[in-house]
Structures are given as C-alpha cells and as structure tokens.
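Novice: Give me the fold of what follows.
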Amino acid sequence: MRLPPYVRGQTHHPGAHRYGAVLPGAKFGVARVRVGFTGVMTRRRILVLGGTAWLGREIARAAVSRGHEVTCVARGESGEAPDGVTLVRADRDHEDGLAAVATSTSTATSTEPWDAVIDVSRQPGQVRRAVRDLAASGLYIFVSTGNVYADQNASGADEDAPLLDPLAADVMESMADYGQAKVACERAVLDGFGPERSLVARSGLIGGPGDLSGRTGYWPTRFAHPSGSDGAVLVPGDRELSTQVIDVRDLAMWLVRAAEGDAGSASDGARSSARGIMNAMGDRVSLGDHLATARAVAGHTGPLVAAETEWLVRHGVEEFAGPKSLPLWLSDPDWRGFMARSNARAKASGLTLRPLAETLADVLAWELGAGMEQPHGAGLSEAEERELLAELAQAMSAPG
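Specialist: Sure, this is the predicted structure:
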C-alpha cells in the first residue's frame, strides 16, 4: 500500500538519540535536575507528556526558560530531558502509566493538580487514560495535526473543515491511520475537558533546528553543498505550489504561553487567548519563494535546473518526503491544500512566527554542525541528484 505524502518518512529515525544518552538509573522512576528559576512570570506547574524527543523537548525547554516548574513524563528512549525539569520515567502504554503524576485516579495517590498538561501523543489509548487520570488539571493542551482533515484539497480552509472518522482502537498500528488516530485523541480531550479548559493545536509541518526528517533542512543544505561541480541544483518546475512551515521554537513558545493563560505578562506580549481548536501552522509561502529563501541563506549562485512534474514522476522521484524525494514539493491535486490552511485563528490568539529565512538559516547551521553524513528521511542523495541531472540534460539536448 502506498502511503499518502504526509506520512512518508515519519517512522522512527535512527538519529533520534542525537539529543543525548538516556539518563542513568532505573528503567522507570524519577530523575531530578536542579531547577534554576530566575524569571519574573507567575510560575505554573506544567506537565509535559513527552519531553525528550524534538517537539516535546522544545516545549519543556521553553517552559523552563519562562520560569515554570516543569515535569516531563517519558520512557526516556529518545534522549534526555532539558536541564531544569523533573523527568518521570514511565510507559504510557500501561494502564497505570501516569500513576506518579495522576491527579484523579483509583490507581494512585492524587497529586496536586497541574496548572496545565501538554500532550503530543498520537495513540488514542494513551490520551484517553491521560484525560481520565489528569482530570483535575486546569488546562489540557493537545498537539494534533492538519492530517485530521478529511479534505486536503481546498486552499485556505480553517478549523471548521470536516474531519476524518476517529480511530476506534486504542493503538494506531500504521501511519496510514495517523490522521484518524489524532481525531480520536482530540475527541477524548474535548469530551473530558471541554473547549474552555483545552486547546487542540492542529500543527502543520514543523521545521527548524533538530528536524531529523530532512524536510526543512534539505533545501538550504543542498544549496550550500550542490552535488555537481557546476553548482547545479535540481528543483521542481511547478513553483507556485504552496508550502507552510512552522518553526518548532515558535510552536513550542505559543503552547507554553497558552499554558500560562492569564498568568502571561502583558509587558512582554506573552498573554495568550488560545483555547478550543486552532491551526498551529506557518504562513503560506509559494514553493518558489521558499526555494529562493533557502538559496539566499545558503549563498548559492549556481544554476537551478527545473524538472516538470511528469518527468519527475516517471523517474521515480517522490513528493514531499521520504527516500529519493524533493521535499515540500506536493503536486498531487488531492493534497494541494495540505500546506495551504488558514492560521488566522492561532495568530489572533498570540501565535508569533519568525521569518522563514531565520528558520532556514538556523536549520542549515544545525545540519552543518551535525555533519553531512547524518541520516535523513527526505531528499535526494548526491548520487541520485547527479544521475537525474544528467538524464534531464540528455533529454533536453535530444533532437525533437
């Protein structure tokens, strides 16, 4: 079965441990790190369900930077938690996986209620149990996805667009069920907390430093290091297609400010009115402008060699992500709205987006610092690009 473009390259990545080794100690338990609180914010008790992989770690880091008391619940297999947090090692697949942090459950002694819970899970059973065990918390923030929408064609669609049917099972067995699993997670949160005590943040494509998928790092890195001696880079011919990237740091900070609620400082513009359902996505940028920005931050001056969609498909080049792909190129008519949704509601609530050039420059610096040999889940290898460029040059020079 051929997976839709949005799930290609979204499997576990061998570079996921790049953030550091698993903290020593028992397999499950509590590892405490000294908290250095120096902020002036009203301090919140924030529980991050996750916190050792990319987005969860960035959320925890942002919360600590704003002076909050942060606890992360994770198995600890994706890396270490940021400095300044309490890491509770636990497996959420177990019925009592949240016993150490639960606020309302028959399987554990209730703890003081959390001011906010931030959850990044994709497994409905994990979310249903968390809603049950953390029911006394003040706010539940769930990071969902734009993949929940039933129609990925329409450009500019907002949060009221129809959704996929929810997954009935507790466990998502395949990435083909990703969107339906997230719908089920959303329903559990909204049923348990209501729109007044919850935020469902439907994230778009996340990019920036630490993006092991390669979807946002491929283009600036390729422009910085072309595969051929003449500096040529193969690009899609249809550059009017939409792209939409949100920097992981902007998403994390907005979620933390939502967790602060009325505790946010008006003087630093941090107060957030984010509640209910919102598309947490970047601004829409044409593929041509995205490539031009990536080229500028990389200082590329070589030629751009454009290949039309039909030619790329015939030569086995995949869309969007995955091996032998051109990242962010999404020409399938059924998916042209995937990176073209409205983010107006989230921006009105306080979502602030940095310039795309800053995101791409920072991800390029991270890519170069991590080493060009690191594995990626998207893009063309240098050998693949050279072969395609040679075949395209031959086809363009052939008579007739």
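Novice: Would you mind measuring from residue 292 to residue 237?
Specialist: Going from residue 292 to residue 237 by CB to CB, to the nearest Å gives 15 Å. From N, CA and C alone the C-beta is placed, and that goes for glycine too.
Novice: do residue 136 as well
Specialist: Distance from residue 136 to residue 237, by CB to CB: 56 Å.
Novice: And the strands in the stretch 201-350 of the chain?
Specialist: Assigned by DSSP state E, counting those that start in this stretch, the strands in the stretch 201-350 of the chain fall at 205-207, 233-236, 242-247, 276-280, 284-286, 304-307, 318-320, 322-323, 325-327.
Novice: Which one of the ones you listed lies nearest to residue 223?
Specialist: Counting by CB to CB, residue 223 lies closest to strand 233-236 out of the strands of the stretch 201-350 of the chain; the figure is 6.0 Å.
Novice: Let me see the mean pLDDT of the closest one.
Specialist: Summarised as a single mean, pLDDT over strand 233-236 is 98.
Novice: middle-most residue in this protein, spatially?
Specialist: With distances taken as CA atoms, centre = their mean, the residue of the chain nearest its centroid is residue 206 (3.8 Å).
Novice: Can you tell me the closest non-neighbouring residue to that one?
Specialist: Among residues not flanking residue 206 along the chain, residue 248 sits closest, at 5.1 Å (CB to CB, 6 or more residues apart in numbering).
Novice: Tell me which residues of stretch 366-384 come out buried.
Specialist: 367, 376-380, 384 (16 or more other CB atoms under 10 Å).
Novice: One more: stretch 336-354?
Specialist: In stretch 336-354, the ones that count as buried by 16+ other CB under 10 Å are 336-343, 345-347, 349-351, 353.
Novice: ok, now stretch 159-171?
Specialist: 159, 161, 163-164, 166-167.
Novice: Which of those sits closest to residue 286?
Specialist: Using CB to CB, the buried residues of stretch 159-171 come closest to residue 286 at residue 161, 22.0 Å.
Novice: related to what we said a few turns ago, of all the strands of the stretch 201-350 of the chain, which lies closest to residue 174?
Specialist: strand 322-323 (15.4 Å).
Novice: what pairs with that closest one, and is each one parallel or antiparallel?
Specialist: Sheet pairing for strand 322-323, assigned by DSSP bridges, gives strand 378-379 (parallel).
Novice: Other residues contacting the helix or strand following the partner strand?
Specialist: Later in the chain than strand 378-379, the nearest helix or strand by DSSP states H and E is helix 382-397. For helix 382-397, the external contacting residues (CB atoms under 8 Å, 6 or more residues apart in numbering) are 222, 227-228, 232-234, 305, 307, 311, 315, 317, 324, 380.
Novice: Would you list the buried entries among those residues?
Specialist: Applying 16+ other CB under 10 Å to the contacts of helix 382-397 flags 222, 227-228, 232-234, 305, 307, 317, 380 as buried.
Novice: and the residue nearest to the centre of the chain, how far is that from residue 233?
Specialist: 24 Å.
Novice: Identify whichever of the strands of the stretch 201-350 of the chain lies nearest to residue 57.
Specialist: strand 205-207 (12.5 Å).
Novice: What strands line up against the closest one, and which way round?
Specialist: Counting by DSSP bridges, strand 205-207 is paired with strand 242-247 (parallel).
Novice: Just want the angle from the strand it pairs with to strand 276-280.
Specialist: 110 degrees (axes from the mean of the first three to the mean of the last three CA atoms, to 10 degrees).
Novice: and strand 242-247, how far out from the chain's middle?
Specialist: Centroid separation between strand 242-247 and its chain, computed with CA atoms, centre = their mean, to the nearest Å, is 11 Å.
Novice: So what's the model's average confidence on it?
Specialist: Taken as a whole, strand 242-247 has a mean pLDDT of 98.
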